[in-house]
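1. output the structure for:
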Amino acid sequence: MASSNDQSLQLILIPWPVMGHVQIVEFAKILLPRTHLHLPPGKKLSITVLLMKLPDSIDTVSSSFSDQLSASSVCSLRFHNLPPIDPTPEWSSRTRGYFIHNLVLSQRSNVAEFLHNQKHSIAGVIVDMLCTSMIAVAEEMNISSYIFFTSPASFLGAMLHFQALTDEKNQNVAELRNSETDLLIPSFAAPVPPNVLPQVIVNKEQWLTRFLHYARDYRKARGIIINTFLDLEPYALNSFLVDSSYGSIPIPPIFAVGPITNQAPFADNGGSQIVQWLDKQAPRSVVFVCFGSQGSLDKNQIQELAKGLEQTGARFLWSLRRQPPKTQLASFPTEYTSYEEVLPKGFLERTAGVGIVAGWVPQLEVLGHTAIGGFVSHCGWNSVLESLWFGVPIATWPLHSEQQMNAFQLVKELGLAEEISISYLVSNQEGIVIMADEIERGIKAVMAEESEVRKRMIGMKEKSRRSVDEGGFSHISLSNFIEHLMCNSVCPL
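-> I've put the predicted structure just below:
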């Protein structure tokens, strides 16, 4: 721990190196202006973010963003590039998550060297929810560690619940995907259907080799910071206050500090032309279709989505990205050179002036535009929070990770979304395709002007903003985190 005689303290942040986890950097920007209110006289705090860069061959979007961050250091918020690692062919043999997991493991010695050289000034380490192997590195130097959880509190509860079933009940949780009844999970108010359980839990290899270890590590942290807020997830957050809910090992203090959205600027890539087109559209007249930085569909599903969009007659903005080849399992989506190779014949001509098909788009800027009336989304948690922030109703179309569970929560528990699907899985082996008529129905529902979902979304928009205002729950929770950090790094224990 840092000596009480040090005048300058450092907080070290270790993000997972993909776009969907950059909120930890936004958290740093929110944290810094608040720390002086809690530091002892004469103390000051800076933040250093340790960056691991993905190879361009895996993901050009994340690697470009990493380069931008590296060039944006200021005195109180610095970015330090860890040495590049040469990946082995084995890393690319499974999923992109497996590749990045191995990349993180390979950086432990570099992180240990950095912490050792700086340990006299380090107040604590905050690691991404998927970088928990760094907790042991910090523990070796008696440095306090915290988790930054980029998914919802409901999913944290599911992870801890299934970890307790595995370790304390000796249960094979992969078998729960075949359950004939819905499942009781402490962080969900409603029973959860087996078909929305995340693959990271019910895929035995992923669970036992990676995510079970993450869940165990969550209990070792000094605290868990979650990008959510009380008005959105009261049931899940309150479940952590019940000692018996998640097994015999205590859960660290929970700090709900959201919503935190990605405010960082990004290279234009045609974004200004998209905004200019939106400027010409009527308020709430455009449906935005986007599946996130890791989301893509195969040709059969793209064709049905195009037909469904065209059948609605709605104006649309569609972020369409190329699915990686099946031989490149670890790669992220890329851009098409021609959309005509996957879209129905004549689609672009028939919809000219009605909609735009584009590659990567500046999602936050688009969702904040008055022309956007609905959002067909993969239900990644960042996208959910951004949609809530602007009060844009969601039509759910999950693809992977915990997105099926998020979609279930939004549609069935919270009533904040319309359903296209809550159980679609992009890696399904049955070749299941959502048909155009289902897509049309979901888009028409999400664009309905006077729907109950839209009214609830607008109400949640106001609650989301109040939560981070002074006196709001998340504002207070952030203060509580800073005090907890200081007491575990500066004050005698």
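2. make it CA atoms for all contacts and neighbour counts henceforth
-> Will do.
3. ok, now how distant is Ser383 from Pro259?
-> Distance of Ser383 to Pro259, computed by Cα to Cα, to the nearest Å: 11 Å.
4. try Leu241
-> From Leu241 to Pro259 the distance is 21 Å (Cα to Cα).
5. again with Asn300
-> To Pro259, Asn300 is 36 Å away according to Cα to Cα.
6. same check on Ser421?
-> When Ser421 is compared with Pro259 (using Cα to Cα), they lie 25 Å apart.
7. Asn300 and Pro259: which is more packed in?
-> Between Asn300 and Pro259, counting by other Cα atoms under 10 Å, Pro259 is the more crowded of the two (23 against 16).
8. how is the more buried one assigned, secondary-structure-wise?
-> coil (DSSP: H, G, I helix; E, B strand; the rest coil).
9. identify the residues contacting it.
-> 227-229, 385, 389, 464, 468 (Cα atoms under 8 Å, 6 or more residues apart in numbering).
10. look at it and report its pLDDT.
-> Among the per-residue scores, Pro259 shows a pLDDT of 97.
11. with Pro325 instead?
-> Reported pLDDT for Pro325: 81.
12. same check on Val446?
-> 97.
13. that's a helix at it, yeah?
-> Yes - per three-state DSSP, Val446 lies within a helix segment.
14. I'd assumed Phe288 was in a strand, is it?
-> Yes - Phe288: assigned to a strand according to three-state DSSP.
15. what sits against it?
-> Here Phe288 is in contact with 316-319, 367, 372-376 (Cα under 8 Å, 6+ apart).
16. so where's the stretch 301-450 of the chain uncertain?
-> 329-330, 427-430 (pLDDT under 70).
17. and the stretch 151-300 of the chain, by the same measure?
-> The low-confidence ranges in the stretch 151-300 of the chain, as defined by pLDDT under 70, are 264-271.
18. so which residues of it form strands?
-> Counting by DSSP state E, counting those that start in this stretch, the segments of the stretch 151-300 of the chain that form strands are 223-226, 254-256, 286-290.
19. quickly run through the sheet partners of the second one, with directions.
-> What it means is strand 254-256. Within its sheet, and counting by DSSP bridges, strand 254-256 is paired with strand 223-226 (parallel).
20. export only the CA atoms of the partner strand, formatted as CSV.
-> Taking Å, rounded to 0.1, in the frame of the first residue of the first chain, the C-alpha atoms of strand 223-226 are listed here in CSV:
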residue,chain,number,x,y,z
GLY,A,223,-15.0,-3.7,-4.2
ILE,A,224,-17.0,-4.0,-7.5
ILE,A,225,-17.9,-0.9,-9.5
ILE,A,226,-20.8,-1.5,-11.8
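21. what's that strand in contact with?
-> Taking Cα under 8 Å, 6+ apart as the rule, strand 223-226 contacts 145-153, 218, 252-258.
22. give me the buried subset of the residues you listed.
-> Buried by 16 or more other Cα atoms under 10 Å: 145-153, 218, 252-258, out of the contacts of strand 223-226.
23. wait, what's in contact with Ala417?
-> Counted by Cα under 8 Å, 6+ apart, Ala417 has contacts 393-396, 407, 410-411, 446, 453.
24. ok, so of these, who is nearest Thr312?
-> Val446 (11.4 Å; Cα to Cα).
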